[in-house]
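Trainee: Requesting a structural model of the entry that follows:
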Amino acid sequence: MYIYKTEILRASFKWFTDKANEEDIEQLDKLINEKAADGWELVTYNYMATSTQWKGAFLVTFRKERA
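Mentor: This is a model prediction of the structure:
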């Protein structure tokens, strides 16, 4: 049996685009590696843009075995 944890990682501010950039990817990699060091496994992630295309976020879900 697993326990799950979902986090929101806010992307950098953008003008007229909803695309992730290098800074956003570095932050995502950092979060994934920090959670992996604590025993969490990445299950899924999704980039969610806003309708105004100024500020998006990654929705990231991890899991690990229940102790």
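Trainee: Assign a three-state SS to K64, would you?
Mentor: Secondary structure assignment for K64 (DSSP: H, G, I helix; E, B strand; the rest coil): strand.
Trainee: burial measure for it, as a count.
Mentor: 15 (other CB atoms under 10 Å). Backbone N, C-alpha and C define where each C-beta goes, glycine included.
Trainee: got it, and A37?
Mentor: Other residues close to A37 by other CB under 10 Å number 8.
Trainee: With M48 as the reference, measure out to it.
Mentor: A37 is 25 Å from M48, where distance means CB to CB, to the nearest Å.
Trainee: tell me which residues in stretch 58-67 are buried?
Mentor: Using 16 or more other CB atoms under 10 Å as the test for burial, stretch 58-67 gives 58, 60, 62-63.
Trainee: and if you look at stretch 24-35?
Mentor: For stretch 24-35, by 16+ other CB under 10 Å, it's 24, 27-28, 31-32, 35.
Trainee: Need the contact partners of it.
Mentor: With contacts defined as CB atoms under 8 Å, 6 or more residues apart in numbering, stretch 24-35 is touched by 5, 7, 9, 11-12, 20, 42, 45, 58, 60, 62.
Trainee: Could you list the low-confidence segments of the chain?
Mentor: Across the chain, the ranges flagged by pLDDT under 70 are 13-20, 50-54.
Trainee: How are the strands of this structure distributed by residue range?
Mentor: When assigned using DSSP state E, the strands of the chain occupy the ranges 2-10, 41-48, 57-65.
Trainee: For the contacts of stretch 24-35, which two are the farthest from each other?
Mentor: K5 and S12 (23.3 Å; CB to CB).
Trainee: returning to that earlier point: list only buried entries from the contacts of stretch 24-35.
Mentor: 9, 11, 20, 45, 58, 60, 62.
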